[in-house]
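Colleague: what follows is a predicted structure for the sequence shown.
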Amino acid sequence: MRILLVEDDRTIAAGLQYSLEQEQYAVTLAFDAATAKTRIAEELSSFALCLFDLTLPDGSGYELCRLVKQSSDVPVIFLTAVDDEGNVVMGLDMGADDYITKPFRIRELMSRIKSVLRRYQKQPQSRSDVSIENISVNMLEGKVFKNGEEVVLTALEYRLLLIFANHIGQVLSRNQLLEQIWDLAGDFVNDNTLTVYIKRLREKLENDPQNPEIIKTVRGLGYKAGDSNASQ
């Protein structure tokens, strides 16, 4: 997914770009409103989300948001140092989807981004079954089969498997998995718990849990399901 980031503070922009790219987002960066307007005019359809600093040297995030919302449904999040009700209401009234006040924690921003993107996700074509190697997931019945034999999973194990099933071949970082499990389960799941559940899934699904083929580790990045290019 590509994100348009407009931030005039180059130090902040560089940090945000790095953090977003670590989460597997592609970033198009602009330091002023003029450059951002060009990107919006030429590339808007390629962006999944826009992050706009509210105060720019030659304009404002409000102006950019208005341009985006006039011609598309691309979501917009404001980055602002101003946390007063008037500014927030004005931004939301013109179509902004969320705002976050500086200084903020990167994980909080990532959570806001994921939340907004989920609200905008187009409904996929209805699927009743998804397969990863010799594992079949029947989504209508909530059942999992290995070589045709049903495998009993706990609720959280099943939710974790669904995340992989919906992102076959895509590398998912531990933070991405934690955010999605937390949101789906409604409870906090820490890093150690995630490790335990991945281990349990491998023990139930893999022919050889020590050399997994269903849920593979991509060193230094995260996990990938059903892609032989990943490495344990």
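Modeller: Yep, it's here.
Colleague: any idea which helix or strand carries the spatially most central residue of the chain?
Modeller: By Cα atoms, centre = their mean, the chain has its centre lying nearest to Lys114, at 4.4 Å. Using DSSP states H and E, Lys114 sits in helix 106-120.
Colleague: same for that helix, what does it pack against?
Modeller: Packing partners of helix 106-120 (3 or more Cβ pairs under 8 Å, 6 or more residues apart in numbering; DSSP states H and E): helix 10-22, strand 49-53, strand 76-80, strand 98-101, helix 174-185. For every residue, glycine as well, the C-beta is placed using N, CA and C.
Colleague: let me know the next secondary structure element after the first one.
Modeller: Reading on from helix 10-22 to the C-terminus, the next helix or strand found by DSSP H and E is strand 26-30.
Colleague: how far off strand 26-30 does the helix or strand just after that following strand point, in degrees?
Modeller: Using DSSP H and E, the helix or strand that follows strand 26-30 towards the C-terminus is helix 33-43. Calculated by axes from the mean of the first three to the mean of the last three Cα atoms, to 10 degrees, helix 33-43 forms an angle of 140 degrees with strand 26-30.
Colleague: which residues touch helix 33-43?
Modeller: If you take Cβ atoms under 8 Å, 6 or more residues apart in numbering as the criterion, helix 33-43 is touched by 4, 6, 28, 30, 52, 56-60, 63-64, 67-68.
Colleague: list the buried ones in that helix?
Modeller: Ala33, Ala36, Lys37, Arg39, Ile40 (16 or more other Cβ atoms under 10 Å).
Colleague: check the offset of it from the chain's centre.
Modeller: 24 Å (Cα atoms, centre = their mean, to the nearest Å).
Colleague: how's this protein carved up into domains?
Modeller: Segmentation of the chain into domains, based on automatic domain parsing, reads 2-120, 129-225.
Colleague: related to what we said a few turns ago, which of the helices and strands packed on helix 106-120 sits most buried?
Modeller: For the helices and strands packed on helix 106-120, ranked by mean neighbour count under the definition mean count of other Cβ atoms under 10 Å, the leader is strand 49-53 at a mean of 26.
Colleague: can you list the strands that whatever helix or strand comes next after it pairs with?
Modeller: Downstream of strand 49-53, the first helix or strand assigned by DSSP H and E is strand 55-56. The pairing partners recorded for strand 55-56 under DSSP bridges are strand 59-60 (antiparallel).
Colleague: same list (the domains of the chain) but as a markdown table, adding mean pLDDT.
Modeller: Output for the domains of the chain, formatted as a markdown table (pLDDT from 0 to 100):
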| stretch | mean pLDDT |
| --- | --- |
| domain 2-120 | 88 |
| domain 129-225 | 83 |
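Colleague: returning to what we had before: of the contacts of helix 33-43, which is the most crowded?
Modeller: Phe52 (29 neighbours; other Cβ atoms under 10 Å).
Colleague: next up, the contacts around that residue.
Modeller: Val6, Ala36, Gly61, Leu64, Cys65, Val76, Ile77, Phe78, Leu79.
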